[in-house]
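Chemist: missing the sequence, but the structure's below:
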C-alpha cells in the first residue's frame, strides 16, 4: 500500500501514485541462519510494510564469490529492482561485502555511504568510522550495502533507503530514475 510511510506530506509529490518495487535482501554471515537472521527479517518487514515486494531473501557465507554468485543472478533478473545486503561491511578479514559488490557496480552512489556514516555518527559517535556502507547501480538495479546490526539496518532503511525508493518523495528520488538507469 505504501501509504503507511512516515514521509511528511511536504516531502511527497502530489498526484503521484506509489509504485511498489521488487527488493531482494542478502544477509552475509558465517553464523546466521534463517531462524536468527534478525537484520534480514527487519529489512523484510520494513520492505513489506512500506508497500514494496520481497523478490527474494537469502543468506550466504562471508565469501566474495558466494556473495557475487547471488548478486549476479539478481542483477541479471528482470524480477529485481533493488538489492539490499546486510553484513560484511566492517574491517575484519571476513568482512568482504564491499569487495564483492564494487566490481559489479556500473556506478557508485557515494552519498549513500557518506549519509549513513553521518547519521551513525549522530547516533553512536566515532563508531561510524568502522562502517563501509555503500550504494550503487548495476544493470539498472540499485544496490545498498548495510552493516549487519539491526540498528544499522533500521537507520539505513528508515533514514535513507525508504524515502529514496518512494516515487512520491520530492524534489527527487531513486525510484523515479529506475527507467533511465540503463540509458546510453
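Modeler: Sure, I can see it. Model, not experiment: these values are computed from the prediction.
Chemist: buried residues in the helix ranked longest in the chain?
Modeler: Criterion DSSP state H: the longest helix present in the chain is helix 110-124. By neighbour count on 16 or more other C-beta atoms under 10 Å, the buried set for helix 110-124 is 112-113, 115-117, 119-120. C-betas here are computed from N, CA, C, even on glycine.
Chemist: okay, now the unreliable bits of this structure?
Modeler: Along the chain, the model assigns pLDDT under 70 to residues 1-14.
Chemist: okay, helices next: where are they in it?
Modeler: Per DSSP H, the chain carries helices over the ranges 38-49, 64-76, 97-101, 110-124, 150-156, 162-164.
Chemist: who are the packing partners of the longest helix of the chain?
Modeler: Helices and strands touching helix 110-124, as assessed by 3 or more C-beta pairs under 8 Å, 6 or more residues apart in numbering; DSSP states H and E, comprise strand 134-138, helix 150-156.
Chemist: re the thing from before, dump the helices of the chain into JSON lines; add distance to residue 20 as well.
Modeler: Formatted as JSON lines, those follow (distance: least, C-beta to C-beta, whole Å):
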{"stretch": "helix 38-49", "distance to residue 20": "10"}
{"stretch": "helix 64-76", "distance to residue 20": "17"}
{"stretch": "helix 97-101", "distance to residue 20": "24"}
{"stretch": "helix 110-124", "distance to residue 20": "21"}
{"stretch": "helix 150-156", "distance to residue 20": "19"}
{"stretch": "helix 162-164", "distance to residue 20": "13"}
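Chemist: residue 89: which of the ones you listed is closest?
Modeler: helix 97-101 (5.4 Å; C-beta to C-beta).
Chemist: mind putting the buried residues of helix 110-124 in JSON lines, distance to residue 132 included?
Modeler: Converted to JSON lines, the buried residues of helix 110-124 look like this (distance: C-beta to C-beta, whole Å):
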{"residue": "112", "distance to residue 132": "11"}
{"residue": "113", "distance to residue 132": "7"}
{"residue": "115", "distance to residue 132": "14"}
{"residue": "116", "distance to residue 132": "10"}
{"residue": "117", "distance to residue 132": "9"}
{"residue": "119", "distance to residue 132": "15"}
{"residue": "120", "distance to residue 132": "12"}
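Chemist: just the closest of these to residue 182, please.
Modeler: Nearest member of those to residue 182, counting by C-beta to C-beta, is residue 112, at 19.6 Å.
Chemist: residue 179 versus that closest one, what's the distance?
Modeler: For residue 112, the distance to residue 179 (C-beta to C-beta, to the nearest Å) stands at 20 Å.
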